[in-house]
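Visitor: Give the three-dimensional model of this entry:
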Amino acid sequence: MDALSLTIVIPGPPSPQPRPRFSRKIGRAYTKDNGIVAFRGSIVIRATIEARQTGWERQTGPMGLVVRFAIPRPASHFRADGSVRPSAALFPPRRAGDWDNLAKGVCDALTDSGVIWVDDDQVVDAHIVRRYAWPGEKASTTVTVRGAADGI
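Guide: Numbers count the residues shown, from 1 in each chain. I've put the predicted structure just below:
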């Protein structure tokens, strides 16, 4: 790791940031918890630990971001011997979470951690990958942040 690059791995399936809903009954906006609270909490904890262990200091300048989501495959993708069927899709359907809603939860959690950057509006370059996990690979989210000096 160089001075302005940090990689964080969050085990488990990712959760997309849900859109706020509006209720006339309760008279306000609310957000349904689809697992996003636990997912964002895991990101905050992992980011804090990784930043402390590597000496990462909160960045104030432009940032680059690479996020790779490995989403678990449904059982229907596998044969009885455990191999992936040739007809199985390569990429998850939208119901697994739109890439931008998945990335929004990650960015908001990194902001909430208070150790990576001041605000996610510092991200000027982002690369997001949303794919099924490879056979034998567990679902996870891998986040790499880079400062402007790293040539984003």
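Visitor: Helix or strand next in line after the top helix by length along the chain, which one?
Guide: Longest helix in the chain, counting residues (DSSP state H): helix 36-54. Proceeding N to C from helix 36-54, the next assigned helix or strand is strand 63-71, under DSSP states H and E.
Visitor: who does that next one touch, helix- and strand-wise?
Guide: With contacts taken as 3 or more Cβ pairs under 8 Å, 6 or more residues apart in numbering; DSSP states H and E, strand 63-71 sits against helix 99-113, strand 123-132, strand 140-147. No exception for glycine: its C-beta is placed from N, CA and C like everyone else's.
Visitor: Any idea which of those gets closest to Asp81?
Guide: Closest to Asp81 of the helices and strands packed on strand 63-71, according to Cβ to Cβ: strand 123-132, at 18.2 Å.
Visitor: Please work out which residues outside that closest one touch it.
Guide: Contact with strand 123-132 is made by 62-73, 77, 88-92, 96-97, 99-100, 102-103, 107, 117, 148, 152, as judged by Cβ atoms under 8 Å, 6 or more residues apart in numbering.
Visitor: Among those residues, name the buried ones.
Guide: 62-73, 92, 96-97, 99, 102-103, 107, 117, 152 (16 or more other Cβ atoms under 10 Å).
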